[in-house]
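> sequence and computational prediction follow.
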Amino acid sequence: MSHDQPEDDHPDPHLLARFMRNAADAPERRRVVRHLLAGCARCAAVTRQLWDLGEPPVRQPVPQERDLPRLREDAAALHQEARRLVEAGRGPEALQALQRARRLYQRLGDGPNLVRLRHLEGKIGEALGVPGEAEIAFADARRGFLLEGLGGEAAEALLDLAILYARQGRSLEIRALAADLMPILRTRDLRQGVGAALLFFRSLAETEHATPEALSEISRYVRPAGRPQAAPADGTGVVNSSR
Ligand SMILES: [Zn+2]
């Protein structure tokens, strides 16, 4: 889940603190998020102090059987909180909740939910105007969901990636995504209709009609009912309320 560390331009603690208060400007925000989403150990150490998150997970003991229900509950609550904050356009706080949820899921060894957090990191990256990081996170999530055998969620991550490409006019890469649908179509949990939606996506990609709007429609269809998604961001960190 980690990738290359950013080059050695670590934001100083004052900038990290301003980022947490949502007082950093767009270039500063991009710089901070690049470090945090890349798992930069040095910046994470500073933000851990700022956010008072306690010790890193490697120092924590394996949970006792009797603690598991409470840990699962806490992790799910933080996960839900992170989703809610992304939808409210509060990216820095969402990242904070997400990192706390991740440490609990790591202790629990909860693979599927760790992948779900990576997917959510992609949405936070978009909300904070860091499409490069969002792209890596969506690609990680697509691969991770497939490894967990979760085809429906892999399809959601794939479409998020396709929408990101469409916004950047990268139609060749959309076609490459559309040409590689078999691993998802072969998974067993695929909800009825998801396969058809993916094939529709492929036909749009092949005829160069895969606009962000069309792909967002397909994405809505692929998502299970009752689970909303963060609105697309315009890079200001403020989520547009019109959907
Ligand atoms: Zn750093």
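Great, that's in hand. Note that the structure is a prediction, hence the values are computed from the model and not measured. Numbers count the residues shown, from 1 in each chain.
> and the closest residue to Ala24 other than its chain neighbours, helix, strand or coil?
Residue nearest to Ala24 in three dimensions, not counting chain neighbours: Arg18, with 4.8 Å by CB to CB, 6 or more residues apart in numbering. In this view, the C-beta of every residue, glycine as well, is placed from N, C-alpha and C. When classified by DSSP: H, G, I helix; E, B strand; the rest coil, Arg18 comes out as helix.
> so how far is the ion from Arg103?
Distance of Arg103 to the ion, computed by CB to the ion, to the nearest Å: 19 Å.
> repeat for Ala44
Noted for Ala44: a distance of 8 Å to the ion, by CB to the ion.
> next helix or strand past the helix or strand where that residue lies?
Take DSSP states H and E as the rule and Ala44 turns out to sit in helix 41-51. Scanning forward in sequence from helix 41-51 by DSSP H and E, the next helix or strand is helix 68-87.
> show me what that following helix is packed against.
Under the contact criterion of 3 or more CB pairs under 8 Å, 6 or more residues apart in numbering; DSSP states H and E, helix 68-87 touches helix 91-108, helix 111-127.
> and for the closest residue to Gly122 other than its chain neighbours, the neighbour number?
Distances taken as CB to CB, 6+ apart put Ala137 closest to Gly122, at 3.6 Å, once the chain neighbours are dropped. Per other CB atoms under 10 Å, the neighbour tally for Ala137 reads 27.
> helix or strand: which one has Ala137?
Assessed by DSSP H and E, Ala137 sits inside helix 131-147.
> what angle sits between that helix and helix 111-127?
Angle of helix 131-147 versus helix 111-127, following axes from the mean of the first three to the mean of the last three CA atoms, to 10 degrees, is 160 degrees.
> CA atoms only for the helix or strand just after helix 131-147, dumped as PDB, please.
Remark: after helix 131-147, the chain's next helix or strand is helix 151-167, criterion DSSP H and E. The C-alpha coordinates for helix 151-167 follow below in PDB (Å, rounded to 0.1, in the frame of the first residue of the first chain):
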ATOM      1  CA  GLY A 151     -15.300  -7.500  -7.800                       C
ATOM      2  CA  GLY A 152     -18.100  -4.900  -7.200                       C
ATOM      3  CA  GLU A 153     -15.800  -2.600  -5.200                       C
ATOM      4  CA  ALA A 154     -13.000  -3.200  -7.700                       C
ATOM      5  CA  ALA A 155     -15.400  -1.900 -10.400                       C
ATOM      6  CA  GLU A 156     -16.100   1.200  -8.300                       C
ATOM      7  CA  ALA A 157     -12.400   1.900  -7.900                       C
ATOM      8  CA  LEU A 158     -11.800   1.300 -11.600                       C
ATOM      9  CA  LEU A 159     -14.600   3.800 -12.500                       C
ATOM     10  CA  ASP A 160     -13.200   6.400 -10.100                       C
ATOM     11  CA  LEU A 161      -9.800   6.000 -11.900                       C
ATOM     12  CA  ALA A 162     -11.500   6.200 -15.300                       C
ATOM     13  CA  ILE A 163     -13.300   9.400 -14.200                       C
ATOM     14  CA  LEU A 164     -10.000  10.900 -13.100                       C
ATOM     15  CA  TYR A 165      -8.500  10.000 -16.500                       C
ATOM     16  CA  ALA A 166     -11.500  11.500 -18.300                       C
ATOM     17  CA  ARG A 167     -11.100  14.800 -16.500                       C
END
